[in-house]
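Undergrad: predicted model and sequence follow; I will ask about them next.
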Amino acid sequence: MIKLINLNKVFQTKTIETVALNEINLHIKKGEFVSIMGPSGCGKSTLLNMMGLLDKPTSGKVLIGGTDLSNYNDTQLAAFRNQKLGFIFQSFHLINDLSVIDNVELPLLYRKSTARDRRTKALAALEKVGLSHRTTHYPSQLSGGQRQRVAIARSIICEPELILADEPTGNLDSVMGNEIMNLLQNLNKEGATIVMVTHDEQMAHGTDRLIRLFDGQTVAVHQNSKEEVC
Amino acid sequence: MIRHIVQLMWNRRKKNFLLMTEVFISFLVLFGISTLIFENLDHYRKPLGFEYDQVRMLSMRRGQIEYSELKEKFQLIKQRLKDNPKVLFSSMVSSNSPFTDNGWFSVEEDSLRRVEFNFFAVEREFFDVMQIPFLEGETFPKVNTNPEERLVVVNKKLADEIGVPNLIGENIVRDMKVVGVVDKYRYKSSFFPDAVSLFEMIDENDTTDLNWFSGDVLIRLQEGTSKGEERELLEELEGIAPDWRFDMQELADMKIEAERKLEAPLIIFFVVAVFLILNVALGLFGVLWYNINKRKGEIGLRRALGAPANLVRKQFVGEVLVITLFAIIVGLFFAIQFPLLGLFEIRAGIYALAILIALILIFGIATFCALYPSKLAADMEPSLALHEQ
Ligand SMILES: Nc1ncnc2c1ncn2[C@@H]1O[C@H](COP(=O)(O)OP(=O)(O)O)[C@@H](O)[C@H]1O
Ligand SMILES: [Mg+2]
């Protein structure tokens, strides 16, 4: 599903140069549920950005579904993200001025679709996350767990092949966190490939594979509690 | 997408209220200014109703004087004017000659009606001096044979207001009998519309009211009369009354002077308007800039969800246009009341043109102010969605 080849990312600011990713080589299979762990600032979000085509690597290649995306322009990348990728963020990133259902419909606005089609799909997605009774609410009227479920509904409305989640339970208590984790596991069972950054060991062990990152490098990969050092 | 933007802006209407108010007010101001400009241009290109090119205003300042002596001297002066081959026509007039900035508003009332008008005291040659054509009737007779009647000429606007079909020979109010109807007399300047006017025949024998003797005489000179000849005429008159002061002005000069007086308020008005528009532009610009910085996360999110950069730019420009549209819908409601209620005697066409220009200007300003902040928004990296705070 995803191939990262000799991936490097260096952030250049006026005063300092930060090496966020250092020679990453990674292969994530279709249908896999992978978690990424590591201390703050080690490059987890940067790695997810690379997989999500939100940022360009300094060197190296990102292949998704066998497609080399290095030469895609902005419009092509946007269309690719819209069709193949789903995003879930720690801080939900809902638009507060839009109702729950309008938030969920958002990705469909960036492709050809009719209003009726958007409504139907948004309702189905909300059904899946158990929020079909909250469609006309606004994000401020929901709990943190509910907000994240709206964000998940939004991420799956386009039926993406790959879901990228950056600390999706980071702002939630453990009960709500478990709910979200269950949802992700169900989506994975239905066929979605998922990459999730987390700080929670227990959640990480609920995934197929755990990748540990340190200072922009993969330091370890645990598979089904078997450990192998790279 | 358009629906989405309208929906978003509608939901954000409270946050954008100040901005919308600003746009609303500037729309009305622009509408007001445009109306004024077009109304004045419209006046300017329309005929005044008289010809002023060869006309001079002779003014005489005199000391204390007996009525009999005044009349005697004045008859001499008039005779001298009649005798001068360069003087085609002349008429004593009340002090509100064209372009003098003097007005004389009068109201007459009897049991039948109440009539309000701009009053002018003139002689029978006045309409020849000013080349004002008659629509009906004619100018005053040489002498008024019936001292019980005051003979008057009215303009069409006053005749229409009175609303009686054949006015000639009718007493319109009290002892005022109409002998003629003329078209227009826009005496103030090219920027003022025609107003209801009434010209009363000067009766030299009326000793009770010396108002007619303002000391002003309007004279039509033969075309080609030289400055020297004008001076000769003046000297001749000074010979008749050496202790009076005589002065002769060209109406054409007086017109320029009168219109120049309007310059200062116009400039102030213009500066205020420009300042206001600038203020709106800066306001729009500032709010947009601020909004876009506050909405970095949202921009990143939209990019992540599949919005290409140029669509983000279009969205932000679209938002500004929608805000402007909301404000203008309210503004239009107010602006349309002016032609609907017929306020200020301005033609609906002028209002329509002013609305159109105000719309173009306000949308132009809004778009212009939205371009740069929207470009900033479009240039933001999609990865902003993942790391902020
Ligand atoms: N846009 C950026 N500009 C400069 N440095 C950045 C930028 N994004 C991330 N970094 C740096 O790269 C490193 C990795 O960041 P990040 O991937 O966000 O870490 P994590 O998500 O693991 O906490 C950090 O040292 C961070 O300061
Ligand atoms: Mg992070």
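TA: Structure's in. What do you need? Ligands and ions are numbered 1, 2, ... in the order given.
Undergrad: so the helix or strand hosting B:V320, near chain A or not?
TA: Take DSSP states H and E as the rule and B:V320 turns out to sit in helix B:309-341. Yes: figure legend: helix B:309-341 in contact with chain A (Cβ under 8 Å from any Cβ of the partner chain); contacting residues B:309-311. In this view, the C-beta of every residue, glycine as well, is placed from N, C-alpha and C.
Undergrad: and those as JSON lines, adding neighbour count and pLDDT?
TA: What follows is these, written out as JSON lines (neighbours: other Cβ atoms under 10 Å in any protein chain shown; pLDDT from 0 to 100):
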{"residue": "B:A309", "neighbour count": "21", "pLDDT": "87"}
{"residue": "B:N310", "neighbour count": "12", "pLDDT": "88"}
{"residue": "B:L311", "neighbour count": "18", "pLDDT": "88"}
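Undergrad: contacting ligand 1 as well, which ones from those?
TA: Filtering those for proximity to ligand 1 (criterion: Cβ under 6 Å from any ligand atom) leaves nothing.
Undergrad: tilt between whichever helix or strand comes after the helix holding B:V320 and helix B:309-341?
TA: Tracing the chain C-terminally past helix B:309-341 and defining elements by DSSP H and E, one meets helix B:348-379 next. Angular relation of helix B:348-379 and helix B:309-341 on a 0 to 180 degree scale: 160 degrees, by axes from the mean of the first three to the mean of the last three Cα atoms, to 10 degrees.
Undergrad: please identify the helix or strand for residue 72.
TA: By default, I'm working from chain A. Secondary structure from DSSP H and E places A:Y72 outside every helix and strand.
Undergrad: that answer is for a different chain, and I need it for chain B
TA: helix B:67-83.
Undergrad: where does chain A have low pLDDT?
TA: Per-residue confidence for chain A (pLDDT under 70) gives these ranges: A:224-230.
Undergrad: specify the helix with the largest residue count in it.
TA: Among all segments of chain A classified by DSSP state H, the helix with the greatest residue count is helix A:174-189.
Undergrad: counting by contacts, list what that helix packs against.
TA: strand A:33-37, helix A:144-156, strand A:162-166, strand A:193-197 (3 or more Cβ pairs under 8 Å, 6 or more residues apart in numbering or on different chains; DSSP states H and E).
Undergrad: isn't A:R154 right next to A:A125, touching?
TA: Yes: the pair A:R154 and A:A125 qualifies as a contact (Cβ atoms under 8 Å) at a distance of 7.3 Å.
Undergrad: neighbour count winner among the two?
TA: For A:R154 versus A:A125, neighbours defined as other Cβ atoms under 10 Å in any protein chain shown are more numerous around A:R154 (29 against 25).
Undergrad: identify the residues contacting that one.
TA: Residues counted as contacts of A:R154 (Cβ atoms under 8 Å, 6 or more residues apart in numbering or on different chains) are A:94, A:103-104, A:106-107, A:125, B:305.
Undergrad: so which residues on the stretch 151-300 of chain B come close to chain A?
TA: Residues of the stretch 151-300 of chain B found near chain A (Cβ under 8 Å from any Cβ) are B:297-298, B:300.
Undergrad: just name the closest of the residues you listed to B:L8, please.
TA: Nearest to B:L8, judged by Cβ to Cβ, of these is B:E298 at 10.0 Å.
Undergrad: residues from chain A in reach of chain B?
TA: Neighbours of chain B within chain A, by Cβ under 8 Å from any Cβ: A:45, A:48-49, A:52, A:54-55, A:74-75, A:78-79, A:81-83, A:85, A:87, A:89, A:91, A:93, A:95, A:97-98, A:102, A:106-107, A:109-111, A:115, A:154, A:166.
Undergrad: those in strands, which ones?
TA: The strands in this structure, assigned by DSSP state E, contain A:85, A:87, A:166 from the residues of chain A next to chain B.
Undergrad: which of these has the most neighbours?
TA: Using other Cβ under 10 Å as the contact criterion, the top neighbour count among these goes to A:F87, which has 27 neighbours.
Undergrad: leaving out the residues flanking it, which one is nearest to that residue?
TA: Nearest residue to A:F87 in three dimensions, chain neighbours excluded: B:A304, at 5.0 Å (Cβ to Cβ, 6 or more residues apart in numbering or on different chains).
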